[in-house]
Every structure is written in C-alpha cells, then in structure tokens.
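# based on what follows, work out the 3D shape:
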Amino acid sequence: MSPSPRPPFRLRLRSNLALWGAVLVLAGCDGLSSQPLSVPDAGACVPGNCPQPDSGTPVPSGARVRIAAFNVHRLFDTVCDTGSCGGSNYEELPTAEQFAAQVDQLGRAITALNADIVMLEEIETQASLDGLRGRVPQFPYSKLGETFTAASVDVAVLSRFPIIEVRSHRSQYIYRPDGSATRFSRDLLEVHLDVDGARVIVFAAHFRSKVDDDPGRRLAEANASREILLDSAREFPSALVVLGGDLNDVPGSEPLNALDRAHLRVAKDRPVNETWTYVYSGQGQAIDHLYLAPNAGGAYVPGSFRVARDGNGYGGSDHGAVYADFALTASQQ
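Next up is the predicted model:
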C-alpha cells in the first residue's frame, strides 16, 4: 500500500502524561495466587534480561504514554445477526440489561488501567464498541477493525488522542510454512495517533485461536506482523510503533519467536510468574502481549509491564489486561 499524504506535526512538550494514578494489579508467585503490585515503577529489570534489542540505551526523559491491550471476551450487541443466537449457538444475544452490565464492568476495569491508548479484542460491532465507549468518556477517539461477517469478534482501539490515519491489513494475503495462502483471522488494525505533536502507531492484533487449531495460520500472522511493523518503523522512523493483543500463543512458541527476532516483547523483563494472562487447564499462560518495534521513536520504560487481574481474568473477561509505559524521544515532542 502506498503511503498517503500526512500533515506536518507541530512539536511541543507534553508533561502531564507522567502523572499516573495508582492501580491495583494482582499477580502471584505461584502464577495463580494473588498479591498487590504497585505501578508503574516495579524496580529494576530481571538480571540479564533487560529490554532488547536496544538494551543499554537510556530511556528518554520526555513524555510518556501508557498503552494497554485487553481481550474483553465476546462483547456481543443486542441484535441477532446470524439468525441463531443464544443457548449453545456461537452468537450470544444479551438483553439490554445484560449488555449494560457487561459494558459497565468492562468500563470500570479499563478506567482503572489509567491508560492513554487501549487495544481491544472480541468486539462484535460498532454498536458494541459504542456501548463500551459510553462508559469510558476519557477516550473520545476510537476505531473498530470490522471484518464485516456476522457475529465476528473484532479488534478496536480506544484513544485519548486524535486519530490521524488508519490502515487495514485484513485483505492482504499471508503465507503458512507450507506455502498455502491465508489472511489474518481478524484485522491487524493499524491506527496512527497524534500524541500532542508526536506520531504514535499502534497495531491491534488477535491471532488465530487454538480452537480447531490452524497453527500454520497463526505463524503466518506472526511472520506477516513482524514485517509490517518493520515497514512501519522504517516509514516513520521517529514514531513510536507498538503491537498489542491476544496472540494466542506463549513465549517460546514459533509465532512469538518469529516476532521476538525483530521486536521487543516488553514482558521479557518481568518474572514469568507475573506475566500470565489466561488460565488453561488450571495453568496460567501468557498469551496477551505488547511488542515495540525498533526505531528512534521511543523506548519501553523498564519494569513497567503489568497484567491487571481480578481473579483469573479482569473486568468480567477471562483474560487479564496487559499494559506498559513508553517514553517518547525528545525529537517526538
């Protein structure tokens, strides 16, 4: 896709992003029990595992932005699009009261993250997103990555900052290891934001699930995402470029290894027993992630990665929400 014209930025300092509120986040030494953690400063990196690939580079002292990703778990609206809803059917059909209760709970949870940008997964429609937005008025800007199929659960972005450009990657072909062509199972939604004069680019992702698994497709999504992020970081060398979402795989898997080869998985500097986001067969698994692309646009604030939980999930979802702080370079302000 050829780049479209972009407005010039008037650079100015943003100072109030550093005023973070305290959030209670639950994590446990055994991976499943709970204890409170403070944010955003969690102390030093785990020895020998500080941020890479730019380990040793000082973190910029300028403005900071908090970016989160959260699988809200099947936020269906109150309209039956498939004609087969409720009960054992895939599409749920909540009453107006049930929908209101779900978005109320999710809205309180998202607000508690104190984030500036939130990437969401499993949003069915624009009506679903609008219902949630009504509970988080601090985010005046949003975008849904709609796949335009009935009962789809799509990705979205909420932002405190204006959206200046959106790119969709849903229609492009990507390739499994056997050479067969496929597409992203949901849109890889690329949203460009004007953060007080600085360009910040986020990619909201939700890779192929392991239900009726197609691991080749998930690896194809990871390989394609790696290259798309690298292209973005080269096209906008002074922009902060971050991917986040439910990638449906754990550290050490082929898909995450594919991303790790080029991008910083920011949870790498946190203890493994603090990074799980989903419980499967009684075991916590880290399947929700944040990645930073390598360029001069900014840096991850070491130790700031967190998983927000209340029990095994968060805000009524079966997933925890992940978030971290990023510092913008001086040239970005």
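
# lowest mean pLDDT among the helices and strands of this structure, which one is it?
strand 35-37 (a mean of 30; mean pLDDT, DSSP states H and E).

# which elements pack onto the following helix or strand past that one?
Heading C-terminal from strand 35-37, the first helix or strand you meet, by DSSP states H and E, is strand 64-75. On a contact count with 3 or more C-beta pairs under 8 Å, 6 or more residues apart in numbering; DSSP states H and E, strand 64-75 meets helix 96-112, strand 117-123, helix 126-133, strand 198-206, strand 240-246, strand 288-292, strand 321-328. From N, CA and C alone the C-beta is placed, and that goes for glycine too.

# can you list these in TSV and add distance to residue 159 and mean pLDDT?
Shown next, in TSV, are the helices and strands packed on strand 64-75 (distance: least, C-beta to C-beta, whole Å; pLDDT from 0 to 100):
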stretch	distance to residue 159	mean pLDDT
helix 96-112	12	98
strand 117-123	5	98
helix 126-133	11	98
strand 198-206	8	98
strand 240-246	12	98
strand 288-292	16	98
strand 321-328	14	97
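
# enumerate every residue touching residue 121.
Taking C-beta atoms under 8 Å, 6 or more residues apart in numbering as the definition of contact, the neighbours of residue 121 are 69-72, 153, 155, 186, 204, 206, 245-246.

# please redo it, this time with the cut-off set to 10 Å
The neighbourhood of residue 121, defined by C-beta atoms under 10 Å, 6 or more residues apart in numbering, consists of 69-75, 145, 153-156, 186, 204-207, 244-247, 288, 317, 319.

# now do the contacts for the residue lying closest to residue 171 once chain neighbours are set aside.
Taking C-beta to C-beta, 6 or more residues apart in numbering as the measure, residue 171 lies nearest to residue 183, with 6.9 Å between them; neighbours along the chain are not counted. For residue 183, the set of contacting residues under the criterion of C-beta under 10 Å, 6+ apart consists of 147, 169-174, 217, 220-221, 224.

# who does the closest residue to residue 189 other than its chain neighbours form a beta bridge with?
Nearest non-adjacent residue to residue 189, counting by C-beta to C-beta, 6+ apart: residue 145, 3.4 Å away. With DSSP bridges as the criterion, residue 145 is bridged to residue 155.

# what's the neighbour count on residue 145?
By the criterion of other C-beta atoms under 10 Å, residue 145 has 28 neighbours.

# wait, it touches residue 171, no?
No. The criterion here is C-beta atoms under 10 Å, and residue 145 misses it with residue 171 at 11.8 Å.

# overlap of the contact sets of these two?
Residues touching both residue 145 and residue 171 by C-beta under 10 Å, 6+ apart: 184, 187.

# about what we covered before: how much space separates the residue nearest to residue 171 from residue 168?
Between residue 183 and residue 168 the computed distance is 11 Å (C-beta to C-beta, to the nearest Å).

# what do you get for residue 264?
With distances defined as C-beta to C-beta, the gap from residue 264 to residue 168 amounts to 25 Å.

# which one of these two is surrounded by more residues?
Comparing residue 264 with residue 168 by neighbour count (other C-beta under 10 Å), the higher total belongs to residue 264, at 22 against 16.

# dump the residue contacts of the closest residue in space to that one that isn't next to it in sequence.
Of all residues beyond its chain neighbours, the one nearest residue 264 is residue 292 (4.4 Å), with distances taken as C-beta to C-beta, 6+ apart. Remark: with contacts taken as C-beta under 10 Å, 6+ apart, residue 292 is in contact with 51, 53-54, 67, 229, 233, 240-244, 263-266, 298-300, 324, 326.
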